[in-house]
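J.: okay, here's the prediction I keep looking at, along with the sequence it came from:
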Amino acid sequence: MKKSLFCVSTLIGACFSGQVLAENTPLTLGASVLFMQSPYHGDKNKYYPLPLVDYQGEHFFISGWQAGYNLWKDDQDQFSLIITTSGEEFKPGKNDYSDMKRLDKRHMTLMAGGMWQHTADWGVLKTSLTGDVLDESNGLIWNTNWHYPLMIGGFAVNPGAGVSWNSAHQTDYYYGVSSAESARSGISRYHTGDSWNPYAEVSAIYPLTERWQLGFGGRYQWFDSAIKDSPMVAKSGQLMVWSGVSYTF
(Lines give C-alpha, C1' and ligand atoms only; values in the text may rest on other atoms or scores of the structure.)
Protein backbone atom coordinates (compact mmCIF):
# COMPACT_ATOMS: atom_id res chain seq x y z
CA MET A 1 0.00 0.00 0.00
CA LYS A 2 2.78 2.45 0.90
CA LYS A 3 4.58 1.70 -2.37
CA SER A 4 1.36 2.30 -4.35
CA LEU A 5 0.76 5.66 -2.69
CA PHE A 6 4.34 6.72 -3.35
CA CYS A 7 4.07 5.66 -6.98
CA VAL A 8 0.77 7.50 -7.49
CA SER A 9 2.21 10.60 -5.83
CA THR A 10 5.07 10.35 -8.29
CA LEU A 11 2.52 10.06 -11.08
CA ILE A 12 1.21 13.54 -10.29
CA GLY A 13 4.76 14.79 -10.77
CA ALA A 14 5.05 12.85 -14.00
CA CYS A 15 1.75 14.20 -15.34
CA PHE A 16 1.92 17.77 -14.16
CA SER A 17 5.59 18.30 -13.29
CA GLY A 18 5.14 21.59 -11.48
CA GLN A 19 2.72 22.96 -14.08
CA VAL A 20 -0.03 23.46 -11.51
CA LEU A 21 2.22 24.73 -8.76
CA ALA A 22 3.83 28.14 -8.56
CA GLU A 23 6.93 28.44 -10.73
CA ASN A 24 10.31 29.96 -9.83
CA THR A 25 9.78 29.41 -6.10
CA PRO A 26 11.97 27.25 -3.85
CA LEU A 27 9.27 25.29 -2.01
CA THR A 28 5.53 24.67 -2.37
CA LEU A 29 3.53 22.23 -0.20
CA GLY A 30 -0.10 21.19 -0.42
CA ALA A 31 -2.72 18.46 -0.57
CA SER A 32 -4.47 16.93 -3.57
CA VAL A 33 -6.93 14.31 -4.79
CA LEU A 34 -6.34 12.24 -7.93
CA PHE A 35 -9.17 10.45 -9.78
CA MET A 36 -7.94 7.65 -12.02
CA GLN A 37 -10.22 5.70 -14.34
CA SER A 38 -9.44 1.98 -14.43
CA PRO A 39 -9.14 0.39 -17.88
CA TYR A 40 -9.84 -3.16 -16.65
CA HIS A 41 -13.06 -5.16 -16.88
CA GLY A 42 -14.87 -5.21 -13.53
CA ASP A 43 -12.44 -2.81 -11.88
CA LYS A 44 -13.46 0.24 -9.88
CA ASN A 45 -12.22 3.75 -10.58
CA LYS A 46 -9.75 4.99 -7.98
CA TYR A 47 -9.44 8.10 -5.81
CA TYR A 48 -6.11 8.87 -4.16
CA PRO A 49 -5.68 11.60 -1.49
CA LEU A 50 -2.07 12.71 -1.81
CA PRO A 51 0.43 15.33 -0.66
CA LEU A 52 1.87 17.86 -3.09
CA VAL A 53 5.54 18.77 -2.95
CA ASP A 54 7.36 21.12 -5.32
CA TYR A 55 10.98 22.09 -4.71
CA GLN A 56 13.28 23.60 -7.32
CA GLY A 57 16.94 23.81 -6.30
CA GLU A 58 19.99 24.58 -8.38
CA HIS A 59 20.55 20.89 -9.10
CA PHE A 60 18.05 18.79 -7.15
CA PHE A 61 14.27 19.05 -7.62
CA ILE A 62 11.08 17.38 -6.39
CA SER A 63 7.78 17.80 -8.17
CA GLY A 64 4.76 15.89 -6.84
CA TRP A 65 7.25 13.31 -5.45
CA GLN A 66 8.93 13.05 -8.81
CA ALA A 67 12.58 13.50 -7.95
CA GLY A 68 15.39 14.52 -10.22
CA TYR A 69 18.92 15.82 -10.42
CA ASN A 70 20.03 18.31 -13.07
CA LEU A 71 23.25 17.20 -14.72
CA TRP A 72 23.25 20.22 -17.02
CA LYS A 73 21.03 23.29 -17.29
CA ASP A 74 20.97 26.65 -19.06
CA ASP A 75 18.27 29.16 -20.09
CA GLN A 76 16.84 26.86 -22.77
CA ASP A 77 17.96 23.29 -22.15
CA GLN A 78 18.02 20.96 -19.19
CA PHE A 79 19.18 17.34 -18.86
CA SER A 80 18.26 15.48 -15.68
CA LEU A 81 18.28 12.10 -14.02
CA ILE A 82 14.75 11.33 -12.80
CA ILE A 83 12.66 8.86 -10.81
CA THR A 84 9.03 8.54 -11.86
CA THR A 85 6.37 5.81 -11.97
CA SER A 86 4.61 3.38 -14.26
CA GLY A 87 1.27 4.79 -13.02
CA GLU A 88 -0.53 1.46 -13.43
CA GLU A 89 -1.66 -1.37 -11.16
CA PHE A 90 -4.20 -4.20 -11.08
CA LYS A 91 -5.58 -5.74 -7.88
CA PRO A 92 -7.57 -8.89 -8.74
CA GLY A 93 -8.91 -9.26 -5.20
CA LYS A 94 -10.87 -6.02 -5.56
CA ASN A 95 -12.31 -6.82 -9.00
CA ASP A 96 -16.06 -7.47 -9.42
CA TYR A 97 -15.68 -10.32 -11.96
CA SER A 98 -14.86 -13.85 -10.78
CA ASP A 99 -12.63 -14.66 -13.77
CA MET A 100 -10.62 -11.42 -13.36
CA LYS A 101 -10.12 -12.28 -9.67
CA ARG A 102 -8.09 -15.32 -10.77
CA LEU A 103 -5.47 -13.28 -12.63
CA ASP A 104 -2.11 -12.31 -11.15
CA LYS A 105 -1.63 -8.97 -9.41
CA ARG A 106 0.11 -6.19 -11.35
CA HIS A 107 2.09 -3.79 -9.18
CA MET A 108 2.92 -0.15 -9.69
CA THR A 109 6.65 0.26 -10.10
CA LEU A 110 9.22 3.02 -9.99
CA MET A 111 10.97 4.00 -13.20
CA ALA A 112 14.39 5.67 -13.36
CA GLY A 113 16.20 7.24 -16.28
CA GLY A 114 16.95 10.52 -18.03
CA MET A 115 14.92 13.54 -19.18
CA TRP A 116 15.73 16.36 -21.60
CA GLN A 117 13.73 19.60 -21.62
CA HIS A 118 13.88 22.47 -24.12
CA THR A 119 12.16 25.82 -23.50
CA ALA A 120 11.43 28.22 -26.38
CA ASP A 121 8.91 30.88 -27.44
CA TRP A 122 6.76 28.14 -29.01
CA GLY A 123 6.49 26.15 -25.76
CA VAL A 124 8.23 23.54 -23.64
CA LEU A 125 9.33 20.21 -25.14
CA LYS A 126 10.22 17.28 -22.87
CA THR A 127 11.35 13.76 -23.63
CA SER A 128 12.36 11.03 -21.19
CA LEU A 129 13.39 7.39 -21.23
CA THR A 130 12.95 5.38 -18.04
CA GLY A 131 13.13 1.75 -16.99
CA ASP A 132 11.66 -0.35 -14.19
CA VAL A 133 13.97 -0.44 -11.14
CA LEU A 134 11.85 -2.67 -8.84
CA ASP A 135 11.91 -5.80 -11.03
CA GLU A 136 8.15 -5.74 -11.60
CA SER A 137 7.66 -5.24 -15.35
CA ASN A 138 11.32 -5.06 -16.45
CA GLY A 139 10.00 -2.65 -19.08
CA LEU A 140 10.85 0.71 -20.61
CA ILE A 141 8.78 3.88 -21.13
CA TRP A 142 9.71 6.64 -23.58
CA ASN A 143 7.54 9.71 -23.00
CA THR A 144 7.56 12.87 -25.13
CA ASN A 145 5.28 15.88 -24.66
CA TRP A 146 4.86 19.55 -25.55
CA HIS A 147 3.18 22.29 -23.47
CA TYR A 148 2.40 25.93 -24.11
CA PRO A 149 1.96 28.00 -20.90
CA LEU A 150 -0.37 30.98 -21.17
CA MET A 151 -2.51 33.34 -19.09
CA ILE A 152 -6.32 33.39 -19.39
CA GLY A 153 -7.85 35.95 -17.07
CA GLY A 154 -6.46 35.23 -13.62
CA PHE A 155 -5.58 31.62 -14.52
CA ALA A 156 -2.15 30.34 -15.50
CA VAL A 157 -3.10 27.59 -17.96
CA ASN A 158 -0.79 24.97 -19.43
CA PRO A 159 -2.30 22.83 -22.23
CA GLY A 160 -0.24 20.11 -23.83
CA ALA A 161 -0.09 16.88 -25.79
CA GLY A 162 2.24 13.93 -25.91
CA VAL A 163 2.82 10.28 -26.66
CA SER A 164 4.07 7.44 -24.48
CA TRP A 165 5.84 4.40 -25.91
CA ASN A 166 5.74 1.32 -23.67
CA SER A 167 8.08 -1.55 -24.45
CA ALA A 168 6.76 -5.08 -25.00
CA HIS A 169 7.69 -6.10 -21.44
CA GLN A 170 5.93 -3.03 -20.01
CA THR A 171 2.76 -3.49 -22.07
CA ASP A 172 2.58 -7.26 -21.57
CA TYR A 173 3.06 -7.04 -17.80
CA TYR A 174 -0.03 -4.86 -17.33
CA TYR A 175 -2.27 -6.15 -20.13
CA GLY A 176 -1.06 -9.60 -21.15
CA VAL A 177 -2.60 -12.89 -19.95
CA SER A 178 -0.20 -15.80 -19.45
CA SER A 179 -0.97 -19.47 -20.19
CA ALA A 180 -1.17 -20.21 -16.45
CA GLU A 181 -3.58 -17.32 -15.88
CA SER A 182 -5.71 -18.42 -18.85
CA ALA A 183 -5.96 -21.99 -17.55
CA ARG A 184 -6.87 -20.73 -14.08
CA SER A 185 -9.40 -18.06 -15.08
CA GLY A 186 -10.83 -19.10 -18.46
CA ILE A 187 -9.76 -15.77 -19.96
CA SER A 188 -8.06 -16.15 -23.34
CA ARG A 189 -4.29 -16.13 -23.36
CA TYR A 190 -2.96 -12.82 -24.68
CA HIS A 191 0.59 -11.78 -25.47
CA THR A 192 1.31 -8.31 -26.80
CA GLY A 193 4.21 -6.29 -28.14
CA ASP A 194 5.05 -2.65 -27.52
CA SER A 195 2.45 0.13 -27.61
CA TRP A 196 2.18 3.82 -28.58
CA ASN A 197 -0.34 5.79 -26.49
CA PRO A 198 -1.03 9.47 -27.35
CA TYR A 199 -2.55 11.82 -24.78
CA ALA A 200 -3.81 15.37 -24.28
CA GLU A 201 -3.72 17.23 -20.96
CA VAL A 202 -4.28 20.61 -19.39
CA SER A 203 -3.45 22.04 -15.98
CA ALA A 204 -4.13 25.41 -14.39
CA ILE A 205 -3.42 27.43 -11.29
CA TYR A 206 -5.51 30.18 -9.73
CA PRO A 207 -3.96 32.36 -6.98
CA LEU A 208 -6.23 32.58 -3.93
CA THR A 209 -3.81 34.88 -2.07
CA GLU A 210 -0.18 35.89 -2.48
CA ARG A 211 0.93 32.46 -1.19
CA TRP A 212 -2.10 30.18 -1.50
CA GLN A 213 -3.09 28.74 -4.89
CA LEU A 214 -5.73 26.39 -6.20
CA GLY A 215 -4.64 23.94 -8.88
CA PHE A 216 -6.40 21.43 -11.09
CA GLY A 217 -5.74 19.44 -14.22
CA GLY A 218 -6.70 16.48 -16.34
CA ARG A 219 -5.29 14.03 -18.87
CA TYR A 220 -6.91 11.67 -21.36
CA GLN A 221 -4.82 8.93 -22.92
CA TRP A 222 -5.87 6.89 -25.97
CA PHE A 223 -4.81 3.26 -25.93
CA ASP A 224 -2.89 1.52 -28.69
CA SER A 225 -4.65 -1.53 -30.18
CA ALA A 226 -2.08 -3.67 -28.34
CA ILE A 227 -3.83 -2.60 -25.12
CA LYS A 228 -7.41 -2.24 -26.39
CA ASP A 229 -7.38 -5.80 -27.76
CA SER A 230 -6.44 -7.30 -24.39
CA PRO A 231 -9.22 -9.44 -22.84
CA MET A 232 -8.45 -7.65 -19.56
CA VAL A 233 -9.35 -4.21 -20.95
CA ALA A 234 -12.81 -2.65 -21.13
CA LYS A 235 -11.98 0.86 -22.42
CA SER A 236 -10.29 2.51 -25.36
CA GLY A 237 -8.53 5.06 -23.16
CA GLN A 238 -8.01 6.36 -19.63
CA LEU A 239 -9.04 9.59 -17.90
CA MET A 240 -7.21 11.16 -14.95
CA VAL A 241 -8.40 14.29 -13.11
CA TRP A 242 -6.47 16.07 -10.40
CA SER A 243 -7.17 18.96 -8.01
CA GLY A 244 -5.45 20.44 -4.99
CA VAL A 245 -4.50 23.44 -2.91
CA SER A 246 -0.94 24.52 -2.14
CA TYR A 247 1.08 27.07 -0.18
CA THR A 248 4.30 28.68 -1.43
CA PHE A 249 6.95 29.55 1.15
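T.: Sure, I can see it.
J.: just the strands in the protein please.
T.: For the chain, strands defined by DSSP state E occupy the ranges 27-36, 46-56, 60-63, 66-73, 77-85, 110-120, 123-132, 140-147, 150-152, 155-166, 195-207, 212-222, 237-248.
J.: what's the angle between the last one and strand 195-207?
T.: An angle of 30 degrees separates the directions of strand 237-248 and strand 195-207 when computed by axes from the mean of the first three to the mean of the last three CA atoms, to 10 degrees.
J.: so which of the strands of the chain gets nearest residue 98?
T.: strand 46-56 (20.9 Å; CB to CB). All C-beta spots, glycine's among them, are computed from the backbone N, C-alpha and C.
J.: what about that closest one, average pLDDT?
T.: When pLDDT is averaged along strand 46-56, the result is 88.
J.: mind listing the strands it pairs with, and their directions?
T.: strand 27-36 (antiparallel), strand 60-63 (antiparallel) (DSSP bridges).
J.: buried ones in it?
T.: Buried residues in strand 46-56, counting neighbours by 16 or more other CB atoms under 10 Å, are found at 46, 48, 50, 52, 53, 54, 55, 56.
J.: the second one touches residue 31, doesn't it?
T.: Same thing as residue 48. No - Residue 48 is not in contact with residue 31 according to CB atoms under 8 Å; the separation is 11.4 Å.
J.: just checking, residue 138 touches residue 172?
T.: No - using CB under 8 Å, residue 138 makes no contact with residue 172, being 10.0 Å away.
J.: more neighbours, these two?
T.: residue 172 (22 against 14; other CB atoms under 10 Å).
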